[in-house]
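> Turn this into a model:
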Amino acid sequence: LATEPDPDGDVRDGVSAIHQQGLSSIKDIPVIIQAVRSRPTDKKCIERAFQSLFLLATEPDPDGSLARKEILTNGGMETLVSAIWDHTQNSQVLLTLFHALWAILVFNEEDEAFISKIPEFGVLEGLLFAMQSHATDSGIQDSGCDLITRLSGLLPADTPQFKPAVVLLCTNVKGIDVRDVKAYSSCLDALNSLCQLSDENKREFAKAGNDCHSAIIRGLTSGDHASLETQELACQLFWCVTSDRAAVAVLSSNCELLLLRKIIDALKSVPRAKSSVHLYSAACGTLANLALAPNNHIKMIDLGVVPILCEAICIYDFSVDVTSAACTALANLSASRDIRKLIASQGGTPALFSAMKSNLVNVNVQREAFRALHNLCESSSDGKQAIAADLEIIITSFFRHEGVKYIQQITCSIFCRLSGDEICRKSMMRVPGTYDALVRIMKYNPKKKLVQKAACSVLRNLSKEEEITPTLLSKGFDSLVIVAMDTYSDSEELQECACTFLMNMGSGEGIACIIKSMQTIPTSASLQQASCGALYAITNVDAHKHIAISAGAVDAVIYLMLVHPNDLKVLENAVNVLVNLSSLRKCTRTIANAGGISTVTEIMRSNPTSTGLILGGSRFIQNMSLSRREYADEALGGITPILGCMDEHPDCSKLVEESCKALRCLVLKSETCRDRLITADGIAVIEKTMNENSGSLRWQTLLLDELFQ
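Numbering: from 1, shown residues only. Below you'll find the model as predicted:
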């Protein structure tokens, strides 16, 4: 390894001799590295040495792998880094060193010990300083960026030097011409690799300012000599950065608007070919991220984003990445109620169904399409009906991914939103899988209150269609609803929906749960309207009446009447329940002992103009007074409101008939009631109703006969 200069001044060392003879081999590596160490400032020596190392390290494996290990074992990396610092002003030498470093930085799994020493040797520090010193040298920038990309895949994400690397690249990219495709692409690739590592790096990029961002956005525009590759890389970088909400918040609004315009322009200008699929994927992903900000929604709609996304789904239906990103963008945009109708009118709904059909096995595509359709269910009646028309696709997807909780839950919510519309409800009824899907959803999610609540709402709506009652009962929905009521007795909305469903089903199995809901949430007027209505509908069968009485229906109903003295709907339904129950003679004592008679008559006095309430009260008085004479005396207070309502509505035949029946029962059972009816000018009222009605006067006649006896 003699390195003495010859008389002509030429360098004569081991490296040059080996290089000139073309005899470099793995066994020469220690000699080469030692030669570099002995002449650290000799440019020609450095170049030749690392050219030789580059050639050896890039040999096909196993020779290349053995050469790299030999270089590292003999201190080649630290020698190389030292050479970078010694020759920071010589771009030619630096380029040779960068190439050699790139070749060395290829590791196998067993090389972890060498990888851990990279920070120790200061590789990144030397690399960044050299790149900073030659910011306008495209060759240095190209090779340096390739090295940063490789290092980002080797070193831990929290390596301290990565943040300065982002800052440096953000500065240097402003000086790289877009037409220098290689250097420009390498810089974008390196920035993307760094930003992929951490949110901190993304935010550092976002803080770089408009000049940096504009320099990268230029890469999207074909008119600026950008290649398809640079367009892809620019989109991928912004896709990565915009995935962090804090980074997006740092980006200026001008940058976001410019980025949106350039992405859309790029998508309009590139060929609709397979070669553009990666650009579309990155572009749709970036649009999806930017659509997370509600203030961008109107801008994006105005720029024509929706047709672009729909076209992407149609052209690249074979690409999971494109369809998933496009569906995500539509889902994020449709979060704004104001633009849902626009999305639907611009082809959003059929595009989403197309994505679902072409990517049925991919759960991510299905998840995002479901999310978008869920939002569009609230666009308009036409929008809902368009979704309901293709409900079979939703059902098919559900059964393909029924094990995914999100799919279960959002399917149920879509059912809930559609079932409120009569036309959509008819569409749901025509798809047999609807019922089976709903059964499975309820069974899979017994501990999910929101799911059970939505399911009960669906069933409440579906049960409005009488023709499917047998189907609903055959699927066991009544049992599922009862379980839900029992599990979530504190959920007012669930209880209300469940009560209405059970009312429409006429199922006696749920009586105990209905009464429990009365007792648990007595102050909710809407719930008690539903619960009393359900109990009224169900207790028209004697067997159900017995169940209701045993479950404490009498006390519960009377208590509700006291809690809601001014809610006519609650009162009417409650009185009607007592009408049904009092038709059982053995129940009248229970009602009387609970204060039912006085409660009903008091309510009648407080609401004398309510025909529905007086009608129900009259029927109740009939049942009670016929049961026992003393009950007629107790119902004395009902005479005045009955007469008052008859006087006000003399032509209401049903009211008059039931009122006369009740008054006749009171007169037959109680002299006190007879006297009260006469002194209250009852005869005149009865005669008035006879004059106002052209139909049957049987009950008025029978009542007058009793009075005149």
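
> So which residues of the stretch 501-650 of the chain form helices?
511-520, 525-538, 542-550, 553-563, 568-582, 585-593, 596-606, 611-627, 629-634, 639-648 (DSSP state H, counting those that start in this stretch).

> Can you say which of those helices is nearest to Ala288?
helix 525-538 (39.7 Å; Cβ to Cβ). The C-beta positions use only the backbone N, C-alpha and C, and glycine is treated the same way.

> Show me what that closest one is packed up against.
Helices and strands touching helix 525-538, by 3 or more Cβ pairs under 8 Å, 6 or more residues apart in numbering; DSSP states H and E, are helix 492-505, helix 511-520, helix 542-550, helix 553-563, helix 568-582.

> In that helix, which residues are buried?
Neighbour counts over helix 525-538 (16 or more other Cβ atoms under 10 Å) mark Leu527, Gln528, Gln529, Ala530, Ser531, Cys532, Gly533, Ala534, Leu535, Tyr536, Ala537, Ile538 as buried.

> could the helices of the stretch 501-650 of the chain go into CSV alongside mean pLDDT?
CSV is the format used below for the helices of the stretch 501-650 of the chain (pLDDT from 0 to 100):
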stretch, mean pLDDT
helix 511-520, 94
helix 525-538, 95
helix 542-550, 93
helix 553-563, 96
helix 568-582, 96
helix 585-593, 93
helix 596-606, 95
helix 611-627, 95
helix 629-634, 94
helix 639-648, 94
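
> TSV please, covering those and showing distance to Gly144.
Below are the helices of the stretch 501-650 of the chain laid out as TSV (distance: least, Cβ to Cβ, whole Å):
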stretch	distance to Gly144
helix 511-520	71
helix 525-538	69
helix 542-550	83
helix 553-563	78
helix 568-582	78
helix 585-593	92
helix 596-606	88
helix 611-627	86
helix 629-634	100
helix 639-648	94
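
> Tell me which of these lies nearest to Leu154.
Nearest of the helices of the stretch 501-650 of the chain to Leu154, taken as Cβ to Cβ: helix 511-520 at 62.3 Å.

> what's that closest one in contact with?
The contact list for helix 511-520, computed with Cβ atoms under 8 Å, 6 or more residues apart in numbering, reads 482, 485-486, 489-490, 495, 498-499, 502, 527-528, 531-532, 534-535, 538-539, 544, 547-548, 551-553, 556-557, 559-560.

> can you state the direction angle for that helix and helix 492-505?
Orientation check (axes from the mean of the first three to the mean of the last three Cα atoms, to 10 degrees): helix 511-520 against helix 492-505 gives 140 degrees.

> List the buried residues of helix 511-520.
In helix 511-520, counting by 16+ other Cβ under 10 Å, buried: Ile511, Ala512, Cys513, Ile514, Ile515, Lys516, Ser517, Met518, Thr520.

> Stretch 197-207 too?
Buried residues in stretch 197-207 (16+ other Cβ under 10 Å): Leu197, Ser198, Glu200, Asn201, Lys202, Arg203, Glu204, Phe205, Ala206.

> list the contacts for the residue positioned nearest the centre of the chain?
Most central in the chain under Cα atoms, centre = their mean is Arg371, positioned 5.1 Å from the mean C-alpha point. Shown in contact with Arg371 (Cβ under 8 Å, 6+ apart): Cys327, Ala331, Ile410.
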